[in-house]
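> Predicted coordinates and the sequence they were generated for:
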Amino acid sequence: SIVGFRRRLMVTVLSLVLGITVSLGAVVISKGTDTTHEIDYNNPDFTIHSHMSALSTEQSKDEDIFFEPALRDEILSLDGIQDSEIMHGGFARVSSSEKALAIRFEAEGFDIGEAENEQADRCMVVQVLEDKYLDELGELAAEKNLYIDVDAVKNGEGLIIMHNHSLSKIMTEKSRETIGMPLVVYNLDKDKAETMTLSGYLDFKEKGLPPFKRTWNGPGILYFITSQKGFENTGLADRTFGITLDVDEEKEPLLKIRLNNLVQANNRSLEIRAESEGEELLNQSLYMLAKSDMLEAARDYISASRIVMGVLCTILILMGLVNYINVTMTGLTMRRKEFAVMESIGLTRKQLQNMILLEGVFYSVIVAAATVVMGSAALFGLKMLMKKRIAYFAFTYPALELAACIAALFAVCIVIPLFMYKKAVGESVIDRLRSYTD
């Protein structure tokens, strides 16, 4: 009987459980890392943003408005908006000879010595972050021993300069010395200046960094973050960079039309103003991004990706079942003599067939129970691991796939042994016994 082959039973059960669990794990990963989740996690329903960036403010003045407050307030008052976030701060100028920024300029290959001779200045962006974000940042800094002074930022004294993984390890170590260095911040007109302190360098790509929506960033842009109190101390004009909106799903289509009309109306008024004043105002125009448009644009890629991952997962599942079929067929072939002996001592073929059927059910129940218990534990462990590595990962328990695997398992465990038995008993008992004694 099956119990008499305990070692084979254990090996077969573990092999099946492992095969099914690996297959289900592949299903979980493929669903959890679907591009849909990435787009959904990284983007609000709507983003309305100004084209103005720190690189295009050379000819700008402090009185220039890039995102009309009245338009912002009108947008935020629309019915159906569930959550919103305003990205705001200001544009400023800073001398290229600032000692506190020497490491940043060195990373760009900029010669600070020449800057001192030319008295050059650079435009910069200062973004205001809420205290709740700064609190999380402070916890991260304490946990990972980052070289930033979050308390100085919250107290309104400091600015943290951001970078895109552009500092070497040596530069990162040297950046510790810049904490507390003075940093003179000028307004765009350069008729006002306030002295702040540099509160360190922070990598945008630092693992665990609390996510926040930011304005234009890229090579050559000096990007600083501070608190509301710190921004007020800089004396800079407060500007709205952009707003993000999460809306009622049912009202999303109507809001999309309404928001698009408001943005287009704003841009048309800028075109009319530009024609009358003879100035280029393109940088002051707005643009809108809708998550639904991103999903639509990625639809073909998403569909193709799901098909590929579905095929791979199916192959993995089939490999596990084929492995079981191979083990079962080999085992039944080896047991042909055993079946012949049982029949020779009086066991009927009907009884032998029922015994094999029960063995198949026994296998199936053991594997199904072990998969539900051990496999589920492994899948939830995989969930925690993936959540740490991929922020947008969305875990979905593969209940349907598990049910399909168990159903296929029962079918295979019952049909294959019966098929092999009927094939084995095609000869008489005497002929089968003789074939094993010859």
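Good, I have the coordinates.

> Pop out the phi and psi values for Cys205.
I think there's a mix-up here, since residue 205 is Lys and not Cys. phi -100, psi 10 (degrees, to the nearest 10).

> Can you tell me how far it is from Asn217?
As for Lys205, its distance to Asn217 is 12 Å (criterion: C-beta to C-beta, to the nearest Å). The C-beta positions use only the backbone N, C-alpha and C, and glycine is treated the same way.

> With neighbour numbers in mind, choose between the two.
Between Lys205 and Asn217, counted using other C-beta atoms under 10 Å, Asn217 has the larger neighbour count: 16 against 10.

> What helix or strand is the more buried one located in?
When elements are defined using DSSP states H and E, Asn217 is found to belong to no helix and no strand.

> Can you check the pLDDT for it?
As summarised for this prediction, Asn217 has a pLDDT of 84.

> Now it. Nearest residue, chain neighbours left out?
The spatially closest residue to Asn217, leaving aside those adjacent along the chain, is Tyr223, at 5.3 Å (C-beta to C-beta, 6 or more residues apart in numbering).

> Can you pull up the most central residue in this protein?
Tyr392 (2.9 Å; C-alpha atoms, centre = their mean).

> State the three-state secondary structure for that one.
coil (DSSP: H, G, I helix; E, B strand; the rest coil).

> need the contact list for it.
Under the criterion of C-beta atoms under 8 Å, 6 or more residues apart in numbering, the neighbours of Tyr392 are 33, 37-38, 40-42.

> distance of it from Lys144?
Here the distance between Tyr392 and Lys144 works out to 22 Å (C-beta to C-beta).

> out of the contacts of Tyr392, which are inside helices?
Among the contacts of Tyr392, the members falling in helices are 37-38, 40-42 (criterion: DSSP state H).

> hmm, which of those residues are the buried ones?
Among these, the ones that count as buried by 16 or more other C-beta atoms under 10 Å are 37-38, 40.

> Tell me the one of the ones in helices among the contacts of Tyr392 nearest Leu254?
Out of the ones in helices among the contacts of Tyr392, the one with the shortest distance to Leu254 is Asp40. That distance is 20.4 Å, counting by C-beta to C-beta.

> Ramachandran coordinates for the residue nearest to the centre of the chain?
Reported as degrees, to the nearest 10, the phi and psi values for Tyr392 are phi -90, psi 0.

> Kindly report the same for Gly89.
Reported as degrees, to the nearest 10, the phi and psi values for Gly89 are phi 160, psi -140.

> excluding its backbone neighbours, what's nearest it?
Gln127 (4.0 Å).

> Helix, strand or coil: sort out that neighbour for me.
Assigned with three-state DSSP, Gln127 falls in the strand class.

> Ile160 now?
Under the three-state scheme (three-state DSSP), Ile160 adopts strand.

> ok so the residue nearest to Asn217 is a helix residue?
No: when the secondary structure is assigned by three-state DSSP, Tyr223 falls in strand instead of a helix.

> Would you check that my belief about it contacting Met124 is correct?
Yes: taking C-beta atoms under 8 Å as the contact criterion, Tyr223 and Met124 are neighbours in contact, 7.3 Å apart.

> Now for the two: what residues contact both?
Ala54.

> what's the overlap in contacts for Lys205 and Asn217?
Between them, Lys205 and Asn217 share the contacting residues Asn164, judged by C-beta under 8 Å, 6+ apart.

> where exactly do the strands run in the stretch 151-300 of the chain?
Assignment of strands within the stretch 151-300 of the chain using DSSP state E, counting those that start in this stretch yields the ranges 158-163, 182-186, 193-203, 222-226, 239-247, 286-290.

> Just checking: what are the partner strands of the fifth one?
It refers to strand 239-247. Based on DSSP bridges, the strands next to strand 239-247 in the sheet, each with its direction, are strand 46-50 (antiparallel), strand 81-95 (antiparallel).

> Dig out what the residue nearest to Gly89 forms beta bridges with.
On the basis of DSSP bridges, Gln127 takes part in beta bridges with Gly89, Ile225.

> and it, how far is that from Asp149?
As judged by C-beta to C-beta, Gln127 and Asp149 stand 18 Å apart.

> Which strands and helices lie in contact with the helix or strand hosting Ser23?
Element membership of Ser23 [criterion: DSSP H and E] is helix 6-32. For helix 6-32, the contact count by 3 or more C-beta pairs under 8 Å, 6 or more residues apart in numbering; DSSP states H and E identifies helix 299-334, helix 349-370, helix 376-389, helix 399-424 as packing neighbours.

> Ok, which of the ones you listed comes nearest Lys154?
Lys154 sits nearest to helix 376-389 of all the helices and strands packed on helix 6-32, at 27.8 Å, using C-beta to C-beta.
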